[in-house]
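In: sequence? don't have it. structure:
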């Protein structure tokens, strides 16, 4: 599992892994938010309406889900994850803190990695620089990020995202070595 605050680069790290590591299966989350420019249905997210999301939850189809940034809902479908694990694939879920906590309850043996920014200033620069949210949404996301950053110690490992390709390589290395992982939170910079 890969989690971290808004704008830390979780999506960029996952995209880098998707492009360079065919042996890693990457879950595609479901969301009720509208697509951003350049996002592709089924690659970046499955975009659904509230009614469809409600049905997925009611039918027990979601491994985890949460309302994120007090707005849209995001979640991970259970069946694709279980199928990847049955095939013994390296499986990556790119999720938020709430989702990571839910998965920890149902899959305590999973390996949880926290992606953190080099600094608060860099996180703010990345969020503002991507120009995908209104000022109000940016403020809400930064407020949430304060709480998300405080949860770093809940994770098995920490990667500081100075540069996307390096963070992606560190994550894949951790995933491949998970059987030897010490499960002690340790910064990798």
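Out: Perfect, thanks for sending it. What you are looking at is a predicted structure, and each value in this text was computed from that prediction instead of being measured.
In: got the buried residues for the lengthiest helix in the chain?
Out: The helix of greatest length in the chain, counted in residues with DSSP state H as the criterion, is given as helix 135-149. Taking 16 or more other CB atoms under 10 Å as the neighbour-count basis, helix 135-149 is seen to contain the buried residues 138, 140, 141, 142, 144, 145, 148, 149. C-beta: built from backbone N, CA, C; applies to glycine.
In: right, and residue 178 touches residue 111 too?
Out: Yes. Residue 178 lies in contact with residue 111 (CB atoms under 8 Å); the separation is 4.7 Å.
In: which sections of this structure are below the confidence cut-off?
Out: Regions of the chain meeting the criterion pLDDT under 70 cover residues 179-189.
In: ok, residue 145 to residue 68 distance?
Out: Taking CB to CB, to the nearest Å as the criterion, residue 145 is separated from residue 68 by 11 Å.
In: quick one on the thing from earlier: elements contacting the helix or strand following the longest helix of the chain?
Out: Towards the C-terminus, the helix or strand next in line after helix 135-149, according to DSSP states H and E, is strand 157-160. For strand 157-160, the packing partners by 3 or more CB pairs under 8 Å, 6 or more residues apart in numbering; DSSP states H and E come out as strand 113-116, helix 164-176, strand 187-188.
In: Quick one: distance of strand 157-160 to the chain centre.
Out: Its chain's average C-alpha position is 13 Å from that of strand 157-160, according to CA atoms, centre = their mean, to the nearest Å.
In: Mind listing the strands it pairs with, and their directions?
Out: When sheet partners are counted by DSSP bridges, strand 157-160 sits next to strand 113-116 (parallel), strand 187-188 (parallel).
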